[in-house]
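**Q** give me coordinates for this.
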Amino acid sequence: MARIHIVRRKGEQIGFSVDLGLQRDGKRERRFFKTWDDAQKFSESYKGDPSPTGILFERKNEILHCYERLRDVGASFNEATEFFLKHGARKGNPEIKDVVSQLIKEKEEAGRKKKYLINLNKEYAKLLNYFGEDKKIAEIETEDIRKYINKIGKKLNNVSKLNILRNLSLLFNYAIKKRHLGLNPISDIDRPKINFNPPSVMKPE
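**A** Reported below is the predicted structural model:
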């Protein structure tokens, strides 16, 4: 809750000031009210961004409590944040088939070529067959993708494997854009190395 101060002018009380703290631009913001009741109501309903210092002070006990809990399991605030972004910060958790359908539809509306859409559909059909259409998009982990690539890519060259990873990354990045995911599980997978062979001229013999 924002702090309230009495405002005086020439020694006389003229109203009340609600201190909202330092804002993102570094400036301190205050709101003036003639009555205490108006200032109190605004203070209790204010949901703006208090200053970083204010957050640390006002939520000190909560921060220390979380710190102790994380320390007991050997985790840091950063690790807790990464975990939440991956597993918690999402707007719904749809099934893979719904995300695929939505992506293909948007690509089609954007005017992508028919051949591209057919190839994309074929690639995602393999994914749906492997995981099942009712698999939730946020339930797919990096290790799951590694196993998938190892299974379907046994007889494929590195170029083909790289294309599969690109199409998968497209799908998961789309899910992130739609706020179904926080992190792309493909980002931790090493891309296969592609050896470049310069073009050569064939001799008659």
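**Q** please count neighbours and contacts with C-alpha atoms only from this point.
**A** Will do.
**Q** where do the helices sit along this protein?
**A** In order along the chain, the chain carries the following helices (DSSP state H): 36-45, 52-58, 60-72, 77-87, 96-109, 114-131, 142-152, 158-177.
**Q** pick out the shakiest of the ones you listed, pLDDT-wise.
**A** For those, the weakest mean pLDDT is recorded on helix 52-58, namely a mean of 57.
**Q** that older thread, need the helices of the chain in CSV (columns: mean neighbour count).
**A** Formatted as CSV, the entries for the helices of the chain read as follows, by neighbours: other C-alpha atoms under 10 Å:
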stretch, mean neighbour count
helix 36-45, 15
helix 52-58, 13
helix 60-72, 12
helix 77-87, 14
helix 96-109, 16
helix 114-131, 14
helix 142-152, 14
helix 158-177, 17
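**Q** I'd like those helices written out as a markdown table, with distance to residue 29 added.
**A** Output for the helices of the chain, formatted as a markdown table (distance: least, C-alpha to C-alpha, whole Å):
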| stretch | distance to residue 29 |
| --- | --- |
| helix 36-45 | 13 |
| helix 52-58 | 13 |
| helix 60-72 | 22 |
| helix 77-87 | 29 |
| helix 96-109 | 43 |
| helix 114-131 | 52 |
| helix 142-152 | 45 |
| helix 158-177 | 33 |
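**Q** which of those helices sits closest to residue 30?
**A** Judged by C-alpha to C-alpha, the one of the helices of the chain that comes nearest to residue 30 is helix 36-45, at 10.8 Å.
**Q** which helices and strands does the closest one pack with?
**A** Under the contact criterion of 3 or more C-alpha pairs under 8 Å, 6 or more residues apart in numbering; DSSP states H and E, the helices and strands touching helix 36-45 comprise strand 3-9, strand 12-22.
**Q** which of those is buried the deepest?
**A** Comparing the helices and strands packed on helix 36-45 by mean neighbour count (mean count of other C-alpha atoms under 10 Å), strand 12-22 ranks first with a mean of 18.
**Q** now do that one and helix 36-45, the angle between them.
**A** In this structure, strand 12-22 runs at an angle of 10 degrees to helix 36-45, with axes from the mean of the first three to the mean of the last three C-alpha atoms, to 10 degrees as the basis.
**Q** report the distance from strand 12-22 to the chain centre.
**A** Here the centre of mass of C-alpha atoms in strand 12-22, compared against the chain's by C-alpha atoms, centre = their mean, to the nearest Å, lies 38 Å away.
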